[in-house]
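Peer 1: Got a predicted model here, sequence first, then my questions.
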Amino acid sequence: MELGPPGGAGPAEPGPRLRGLRGDDRAASAAWLSEASAGRRAPSVAAVLPAGGSGERMGVPTPKQFCPVLERPLISYTLQALERVCWIKDIVVAVTGENMEVMKGIVQRYQHKRISLVEAGVTRHRSIFNGLKALAEDQPNSKLCRPEVVIIHDAVRPFVEEDVLLKVAIAAKEHGAAGAIRPLVSTVISPSADGCLDHSLERTSHRASEMPQAFLFDVIYEAYQQCSDYDLEFGTECLQLALKYCHTKAKLVEGSPDLWKVTYKRDLYAAESIIKERISQQICILMDAKEDEEHVGRCLEEMLKKELNHVKVTSGALCHAGRDLQQIILEQCYNFVCVNVMTSDFEETRKLLNALEESNLSILYPVVVISVHFLDYKLVPFGQKMEHLMQIKEFAKEVKKRNILLCGLLIYYPQISFELISATNPPLFAEEDWP
Ligand SMILES: Nc1ccn([C@@H]2O[C@H](COP(=O)(O)OP(=O)(O)OP(=O)(O)O)[C@@H](O)[C@H]2O)c(=O)n1
Ligand SMILES: O=C(CO)[C@H](O)[C@H](O)COP(=O)(O)O
């Protein structure tokens with residue numbers, strides 16, 4: 001089943017794309033990305049996500065991939081992480097027939113793009129094989145294209161970043177297979193039949209195999225076609241299949257600690273904490289001054305971008321930015337700076353607040369909105385502008401009932417314009433702020 005237009009998602013955000021890459025990696029990645037964005041023939045990449053497990057170890061009736069984390073199913077975070085990566089063309093998700101409708105509902109509700117659903121198998125390997133078959137172009141009526149490189153990633157590892165996806169994809173193109181690894185947390189031992197220690201492995205010379213992994217499609221598809229029923233039933237390592245059946249030695253890539261697999265109930269709490277931390281670092285700037293690049297509002301935008309980690313910027317009046325904004329709200333951004341340059345009232349802020357209220361985003365946590373207004377002291381007497389903007393105080397009282405914390409900020413320029421341009425460090429605003 002094909003859901004959403006292929007390649008329909010917007011481009012990945014420019015900020016964190018190459019984060020964590022160094023030297024040669026960075027150069028290779030930049031080349032890959034520039035080819036991809038210039039539409040030249042970069043290797044075509046697809047992803048397969050096994051999501052057909054029952055999550056026995058979690059010990060709850062709902063399969064863990066559908067368990068809510070901050071009211072949103074876990075798998076939706078993983079899909080979001082993958083679909084942000086513009087060079088992954090198709091994302092094939094393997095789901096049990098029983099959960100197919102639930103999955104379709106998630107794709108629709110969170111507007112996931114480039115997703116195709118296939119039926120899962122009774123084991124993880126069989127689910128992955130079904131995903132690969134859908135990409136192999138030998139399925140009747142399939143709209144999917146056979147990719148050159150395929151990434152395999154568990155649906156229950158939501159914190160995968162673009163840099164590791166890129167590293168495994170590039171390494172797979174060169175070596176045929178690649179996978180993320182982590183140092184072992186505990187020592188691995190081998191027990192004997194009588195329940196006593198037989199031997200222990202030297203911890204420093206072993207690694208934990210994590211996900212994502214990537215392969216030349218032809219290698220991994222061949223391996224799955226060749227492998228035994230025993231492998232499909234009991235195997236846990238795709239890299240091993242590539243080695244055993246295609247003599248392809250996987251390149252191992254150091255992954256981040258956040259790549260761990262949500263397995264036990266406590267992992268859901270850990271996932272929730274990580275998501276909360278990310279949310280708190282993310283800010284959306286809404287800017288209504290599109291034309292005037294010189295305007296003090298632009299200086300503010302530039303400074304915020306420098307000071308904060310995750311910044312999303314929507315340009316243009318909110319009526320044009322409506323779709324972007326819906327997407328940003330869907331992605332759970334809780335901090336907004338609404339810069340009103342063109343309008344003298346707080347109409348733009350009001351539109352933002354309406355959109356936030358309709359979304360119910362603030363049910364779980366307070367949403368913070370800072371409404372910034374500019375006042376050219378040469379044109380408008382300060383008192384007059386203040387009087388007008390005092391209305392925002394009333395408005396702030398009203399939205400507070402709905403867990404939205406609104407704060408107004410008046411920037412009196414051109415004096416402050418000068419301060420913004422010349423300042424290298426905060427404070428950004430030296431004067432008038434209220435309520
Ligand atoms: N028949 C299966 C079994 C597992 N998976 C998927 O493979 C990934 C990793 O497997 P695991 O963590 O073992 O998931 P479960 O099998 O669901 O968990 P448990 O072993 O605790 O039952 C998960 O995204 C899971 O949904 C799958 O697609 N098809
Ligand atoms: O560990 C892995 C790396 O190869 C796989 O990610 C996978 O999660 C193993 O799953 P299972 O729980 O089914 O053994």
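Peer 2: That came in fine, so what should we check first? Ligands and ions are numbered 1, 2, ... in the order given.

Peer 1: quick one: secondary structure of the closest residue in space to residue 47 that isn't next to it in sequence?
Peer 2: Of all residues not flanking residue 47 in the chain, residue 151 sits nearest, at 4.4 Å (Cβ to Cβ, 6 or more residues apart in numbering). Every C-beta, even on glycine, is put in place using the N, C-alpha and C of the backbone. Classification of residue 151 using DSSP: H, G, I helix; E, B strand; the rest coil returns strand.

Peer 1: and residue 151, how many neighbours?
Peer 2: The tally of other residues near residue 151 (other Cβ atoms under 10 Å) stands at 26.

Peer 1: I figured it hits residue 165, correct?
Peer 2: Yes: taking Cβ atoms under 8 Å as the definition, residue 151 is a contact partner of residue 165 at 6.2 Å.

Peer 1: ok, and the closest non-adjacent residue to residue 110?
Peer 2: Spatial nearest neighbour of residue 110, excluding adjacent residues (Cβ to Cβ, 6+ apart): residue 76 at 4.8 Å.

Peer 1: Surely the one you found touches residue 115?
Peer 2: No: contact between residue 76 and residue 115 fails when scored by Cβ under 8 Å: they sit 10.8 Å apart.

Peer 1: So those two - more neighbours on which side?
Peer 2: residue 115 (24 against 21).

Peer 1: pLDDT at residue 411, what is it?
Peer 2: With respect to pLDDT, residue 411 has a value of 80.

Peer 1: Not including adjacent chain positions, what is the nearest residue to it?
Peer 2: In space, and not counting its chain neighbours, residue 411 is closest to residue 374: 5.1 Å by Cβ to Cβ, 6+ apart.

Peer 1: State the helix or strand in which the one you found lies.
Peer 2: Under the criterion of DSSP states H and E, residue 374 resides in strand 367-376.

Peer 1: repeat for residue 93
Peer 2: Assigned by DSSP H and E, residue 93 belongs to strand 88-95.

Peer 1: Identify the residue nearest residue 408 in space, chain neighbours excluded?
Peer 2: residue 392 is the one closest to residue 408 (Cβ to Cβ, 6+ apart), at 4.2 Å.

Peer 1: Tell me which residue of this structure lies closest to ligand 1.
Peer 2: Residue of the chain nearest ligand 1, by Cβ to the nearest ligand atom: residue 53 (2.0 Å).

Peer 1: So which residues of the stretch 201-350 of the chain form strands?
Peer 2: 207-216, 251-254, 282-287, 310-315, 335-340 (DSSP state E, counting those that start in this stretch).

Peer 1: about what we covered before: which residues does the residue of the chain closest to ligand 1 contact?
Peer 2: 63-65, 120, 124, 127, 156 (Cβ atoms under 8 Å, 6 or more residues apart in numbering).

Peer 1: Inside helices: which ones of these?
Peer 2: Among the contacts of residue 53, DSSP state H puts 124, 127 in helices.

Peer 1: before we move on, back to that, in terms of mean pLDDT, which of the strands of the stretch 201-350 of the chain ranks lowest?
Peer 2: Among the strands of the stretch 201-350 of the chain, strand 310-315 scores lowest, with a mean of 69.

Peer 1: So what's the residue count around residue 386?
Peer 2: By the criterion of other Cβ under 10 Å, residue 386 has 15 neighbours.

Peer 1: partners of the strand holding residue 374 in the sheet?
Peer 2: strand 335-340 (parallel), strand 404-413 (parallel) (DSSP bridges).

Peer 1: what angle do the shortest one and strand 282-287 make?
Peer 2: In other words, strand 335-340. Counting by axes from the mean of the first three to the mean of the last three Cα atoms, to 10 degrees, strand 335-340 lies at 10 degrees to strand 282-287.

Peer 1: Repeat that for the last one.
Peer 2: For strand 404-413 against strand 282-287, the angle between stretch directions is 50 degrees (the same axes, to 10 degrees).

Peer 1: quick one: the residue nearest to residue 411 and residue 341 touch, right?
Peer 2: Yes: taking contacts as Cβ under 8 Å, residue 374 lies within contact range of residue 341: 5.7 Å.

Peer 1: which residues do these two both contact?
Peer 2: 295, 297.

Peer 1: For the residue of the stretch 51-200 of the chain found nearest ligand 2, give its distance to residue 50.
Peer 2: Using Cβ to the nearest ligand atom, the closest approach of the stretch 51-200 of the chain to ligand 2 is made by residue 124 at 4.3 Å. According to Cβ to Cβ, to the nearest Å, residue 124 stands 5 Å off from residue 50.

Peer 1: Of the two, give the one with the bigger neighbour count.
Peer 2: Neighbour comparison, residue 124 and residue 50: the larger count goes to residue 50, with 28 against 20 (by other Cβ under 10 Å).

Peer 1: Any idea how many residues pack against the closest residue to that one other than its chain neighbours?
Peer 2: Leaving out its chain neighbours, the residue that sits closest to residue 50 by Cβ to Cβ, 6+ apart is residue 127, at 4.1 Å. For residue 127, the count of nearby residues is 25 (other Cβ under 10 Å).

Peer 1: isn't residue 127 right next to residue 54, touching?
Peer 2: No: taking contacts as Cβ under 8 Å, residue 127 lies outside contact range of residue 54: 11.7 Å.

Peer 1: how about low-confidence regions in the stretch 301-435 of the chain?
Peer 2: Residue ranges of the stretch 301-435 of the chain with pLDDT under 70: 309-311, 314-323, 342-345, 382, 384-385, 388, 414-435.

Peer 1: how many other residues sit next to the residue nearest to residue 411?
Peer 2: A count of nearby residues for residue 374, using other Cβ under 10 Å, gives 23.

Peer 1: roughly how far apart are it and residue 298?
Peer 2: Distance of residue 374 to residue 298, given as Cβ to Cβ: 11 Å.

Peer 1: Pick out the residue of the stretch 101-250 of the chain closest to ligand 2.
Peer 2: For the stretch 101-250 of the chain, Cβ to the nearest ligand atom, closest residue to ligand 2: residue 236, 3.6 Å.

Peer 1: Please report which of the contacts of residue 53 has the highest neighbour count.
Peer 2: Most surrounded of the contacts of residue 53: other Cβ under 10 Å gives residue 65, at 29 neighbours.
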